[in-house]
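Colleague: build me a model from this:
(chains A, B and C)
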Amino acid sequence: MSLLLTLLAPIFATLLYGFERVLKAKMQRRVGPPMLQPFYDMFKLADKRVFIVHSFHAWLGVLHFLLLWLSIGAIMYGVHLLFVIFMHLFALITLVIAGFSVRSVFSHVGANRELIALVVYEPILILIAVSFFLSLGSFEISQILSSDPLIYSMPLGFLALLMIIPIKLKKSPFDSVEAHQEIVGGVEIEYSGLFYEFIYGAKVLEYVFIYAFVFLFGGNNYLLGAILVALSFLVINLVDNSTARVKYQDMSRIVLIGATLLATLNILGVLYV
Amino acid sequence: MNILLVSHFLMPLFAAIWFLFASSKQAKQAGGYLFLFGLSATSLALFATPHDIAIEIGALAKTVLIILDVALLLYFAKVGFQAKMVKIYALALLQLFLYTLIELRLPEGGGAAFVIDDLAKVMFLLINMVGGAIGLFSIRYLEEEKMSPRRKALFQSYLYIFLAVMSLAVSANSLLIFFLCFEITTLFSFLLIGFRKDAQAKHNANRALWMNQIGGVAILLGVIYSIQYYNTLYFSDLLALANPYFMLPFAYIAMAAFVKAASMPFNSWLLGAMVAPTPVSAMLHSATMVKIAPFLILKLSPVIAGTVLGSYITLIGSAVFVVGSFLALSKDFFKEILGLSTIALLGLMIALATIESAQTFFIVTTLMLFHGISKAMLFLSAGILEKEFHYKFVNDFKDLFTRSPLLLTFILFGFASLTLPPFGVFMGKLMAIELLSASILENPLYLIALVFLAVGSTLLVLLYFKVTATLIAKETTNKEKKRLELGFSSPLFFLLFLSFIALFTLGVPLVLVSVVAVVVGAPFIFRQISLSFDRVKEYACGEKIDFVPVLYTFDTTEKQKQRLTKLFIALFVLIPFIGAAS
Amino acid sequence: MFKKYRKKSPWILHYNAGSCNGCDIEILASLAPKYDLERFGVINTGNPKQSDILLITGPITKRSRERVVEIYSQMPEPKVVIATGSCACTGGVFRNMYNVEDGVDRYIPVDVYVTGCATTPEMIIDGVVEGLKILEKKDKTIEKPLQLFKNLLTKEKETNRRDMAGTINEQK
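Modeller: Coordinates of the predicted model:
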């Protein structure tokens, strides 16, 4: 089962991304692309001439995808939550190094912003993991998924997580990491063709990663977990459609102070309420 | 057993003498390798011995120690008078006064002067293996230095004496012997920092001297109170007798630890040590000197863990961790970046050492060991960068990728091992998070430490990997490669090997993963794998300018820095009050 | 095998080679919700390395010609160039002026010409659809710029196109 889920994760993620594009279009009263559009993109990319800057850069993109996949596999197998978070950190560092390894302005800007975003959301993930630990006495994901729903005891933690989802998924208002036309996608700029496909894949895998995190709040009530995921999915897209990009300095200030405070209060809440 | 012990303590001294007289290059090199392996062997053999070893000394040795102590303090006073620095001679004379006070009312009853316990054995490993590698490195390093051969020999032997003193310090059971070793490390850091003898070096050496003497004063005060409350001079008795109502001696000794760790109000002495030849920095940051701090706190850990004093120390330590990592973001001098991150990580080790748990000892020693190895590696790389490539600032490193892939691998490995899984320091931090989360249940104050730890460790990730921006950007033009000489690279290989071997304590799979990551990963970075794909230029909006990556920094204003310093001075001064109150 | 998906996800790069912004506004209008080009899978990427269609506006000023060629040579084949607006097609009202180069096709091969000053979103959409037909038929051989082509190094298996686009000074 875990293996199957892991193997299917990229396909599921791509579908989710396709659905999101449709949803976003509907929110803007457009027709929008077909659900399978990301697959079409993937197939098309496979058909292009492949450009690389140098082989190290190209392979790091592949490595990034694989490591991200591995960390999702770790979630599916229900291992230690901190391992998952740090494996994810490792995956992102490979992308950052890839971004730095080419002499490209935008790639460097993007990698730097990726690092700053990392500083912003990594502590929140750790603090949320710790609050799971404090309420259950274990970091194991399998334990979390077999306990009572945690959303009632740690709503603030859920809010903190909600605050960092836009950073992870590169959505407004916290999408300065990718900043579409401003820095042309940041770290992914030097990838094309086949290798861009891996970056594309990694980008959609992030959806699975972060929404799996949301799902954990549902505990053993999988239906509640799914509702939470759907709800946060809707909220994130609504916010994405209705806000403008903030500068990365503001992003780090808002999230680092706001979400860290929320996550800390959440831990206090778990301890005393 | 005795032969082993004697050879362990005498070998560094023998090495010091060897280097004082060895004149040919071969003799020096041979000595370097010989003492590295000799020291490693004895410390490993000691590590393998199952039980604690206690050593007593006779009355004659005690007299010698008194004479040494007095002579040392008088020498400090003399340095102070010569430099016309009130701080130095006032502190030296104050220590002399306190020391006489102690000698006049020495408690009855003896004890073992030295006890080699588990902690000391781990420290031996760190001091001698990493220190030996640095000693080996400095042979080649000194060839490039503009000094007379006699001074070079002197420098080399200072390094080894430093190791001997450190070995003694970590096995001292008598507080007075520990004080003496503490002061001798101060002396040698003073001598080594001022070794280049220019104005800057002298200034920084003097600063290191007076700051470290504050630690000496704190230890002496700790001794006075331990005589008053517990009527003993020995760590073992103190730990056995300790009473949660009389924490004052421990508070003073903890203060000394903060001074040695160059924690915030005192950070300038360690950063000032950069003016010395690089092996000195490597020595101070990795194997010796600053490691006294976590060692000391860990030694007191059974007593102070779980008390108010203990949680207060945890708070300061974790605050140092966050502030140190943050301040490092504003630097672009490579050694300074490394230095501030050392201060930060020492803060973390101190913070963790006072937590009450069966895990504490293992986590802190793991952190110390791996931090020592990685930092030594990074500082030695910094030394090579200075001597071979004449690079000091991160922004100079632009062409390192093409000029010396091997060196770049070592630097990247150093960074990765401090921040990323599956390497040592990272595993330490991971365990630390678990430890802190478990302790929050008992004392919610640790929540602050946990938040600091989470934020600080990601700040360190930012710090190291923003440095890689300038390191790894591959130049497309081909520049001449520079081969690293064996004298430079062999200590680095030894340290790399050491960090793999040390991972065995954390689990075999980790070793495999990290070996594969490095051995397979590193050549992968540099060898162009021929792919049938088009090579294309980087995108720059169609412009044809060459992009040169530079390091960006997050500056703190002078005012903020002053505020932080004031805050930390206040926190530091409060330690004895907290100790007295608890 | 994947050939038929080319027309299902054409990613657009839009470059302004000295246009008055009239056509650019129309291009962006056609990408915006009203005309909703995204329903055909069109994305405005802004990155030549990931795009299939180059929409180029303006009469190519002398300042911009090197950039046009540089960007063109950074687009992976198969690719289609659409000259959008009269200026890009022929130079338009700026034809024969001292500082323009009279149309994109002097420098890079153009597949579709979309006329109009300024052109309209409907015409742009038609042009893109026309371009897609061409895109589907193209193979993956390297397309070279007509001018300012410097060199293409091929050794063993790999092709080095770093220096494909030259500069004006090198030509003299």
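Colleague: please save the CA atoms from the helix-or-strand element of chain B with minimal mean pLDDT in CSV.
Modeller: Lowest by mean pLDDT, DSSP states H and E among the helices and strands of chain B is helix B:508-526, with a mean of 72. What follows is helix B:508-526, C-alpha atoms only, in CSV (Å, rounded to 0.1, in the frame of the first residue of the first chain):
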residue,chain,number,x,y,z
VAL,B,508,26.2,1.8,10.2
PRO,B,509,23.6,2.9,7.5
LEU,B,510,24.6,6.5,8.1
VAL,B,511,28.3,5.7,7.3
LEU,B,512,27.3,3.9,4.1
VAL,B,513,25.0,6.7,3.0
SER,B,514,27.6,9.4,3.7
VAL,B,515,30.5,7.5,2.1
VAL,B,516,28.4,7.0,-1.0
ALA,B,517,27.3,10.6,-1.0
VAL,B,518,30.9,11.9,-0.9
VAL,B,519,32.8,9.3,-2.8
VAL,B,520,30.3,9.0,-5.6
GLY,B,521,29.0,12.6,-5.4
ALA,B,522,32.2,14.5,-5.4
PRO,B,523,33.7,13.4,-8.7
PHE,B,524,30.2,13.7,-10.1
ILE,B,525,30.4,17.5,-9.5
PHE,B,526,33.5,18.1,-11.3
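Colleague: which secondary structure elements does the helix or strand that that helix is followed by sit against?
Modeller: Counting by DSSP states H and E, the element after helix B:508-526 in chain order, helix or strand, is strand B:534-535. Under the contact criterion of 3 or more C-beta pairs under 8 Å, 6 or more residues apart in numbering or on different chains; DSSP states H and E, strand B:534-535 touches strand A:51-52, strand C:158-160. To be clear about C-beta, it is placed using only N, CA and C from the backbone, and glycine gets the same treatment.
Colleague: how about the longest one, does it reach chain B?
Modeller: Translated: strand C:158-160. Yes: counting by C-beta under 8 Å from any C-beta of the partner chain, chain B is contacted by strand C:158-160 at C:Glu158, C:Thr159, C:Asn160.
Colleague: now swap in the first one and tell me
Modeller: Yes: part of strand A:51-52 sits close enough to chain B to count as contact by C-beta under 8 Å from any C-beta, namely A:Phe51, A:Ile52.
Colleague: show me the contacts for the residue lying closest to A:Ala98 once chain neighbours are set aside.
Modeller: Closest residue to A:Ala98 apart from its sequence neighbours, by C-beta to C-beta, 6 or more residues apart in numbering or on different chains: A:Leu60 at 3.6 Å. Contacts for A:Leu60 (C-beta atoms under 8 Å, 6 or more residues apart in numbering or on different chains) come out as A:Thr94, A:Leu95, A:Ile97, A:Ala98, A:Ser101.
Colleague: if we go to 10 Å?
Modeller: A:93-101, A:187, A:191, A:195, A:198, B:524-525 (C-beta atoms under 10 Å, 6 or more residues apart in numbering or on different chains).
Colleague: that one and A:Gly99, how far apart?
Modeller: 9 Å (C-beta to C-beta, to the nearest Å).
Colleague: so what sits against both of these two?
Modeller: A:Val187.
Colleague: biggest helix in chain C by residues?
Modeller: If you go by DSSP state H, chain C has its longest helix at helix C:121-137.
Colleague: and that one, how far out from the chain middle?
Modeller: For helix C:121-137, the separation from the chain centroid amounts to 12 Å (computed by C-alpha atoms, centre = their mean, to the nearest Å).
Colleague: what do you get for stretch B:279-297?
Modeller: The answer for stretch B:279-297 is 3 Å, by C-alpha atoms, centre = their mean.
Colleague: what about residue 54, how many neighbours?
Modeller: Since you didn't name a chain, this refers to chain A. 16 (other C-beta atoms under 10 Å in any protein chain shown).
Colleague: that's the other chain; I wanted chain C
Modeller: Neighbours around C:Leu54, by other C-beta under 10 Å: 25.
Colleague: can I assume it is in contact with C:Val128?
Modeller: No: contact status for C:Leu54 versus C:Val128: not in contact, 11.2 Å apart, counting by C-beta atoms under 10 Å.
Colleague: name the residues contacting each of these two.
Modeller: C:Ile12, C:Val80, C:Ile82, C:Thr84.
Colleague: surely the last one and C:Ile27 touch.
Modeller: Yes: C:Thr84 lies in contact with C:Ile27 (C-beta under 10 Å); the separation is 6.4 Å.
Colleague: what about the closest residue to chain B within chain C, how many neighbours?
Modeller: Chain B sits closest to C:Arg67 of chain C, with a gap of 3.0 Å, by C-beta to the nearest C-beta. By other C-beta under 10 Å, 18 other residues sit near C:Arg67.
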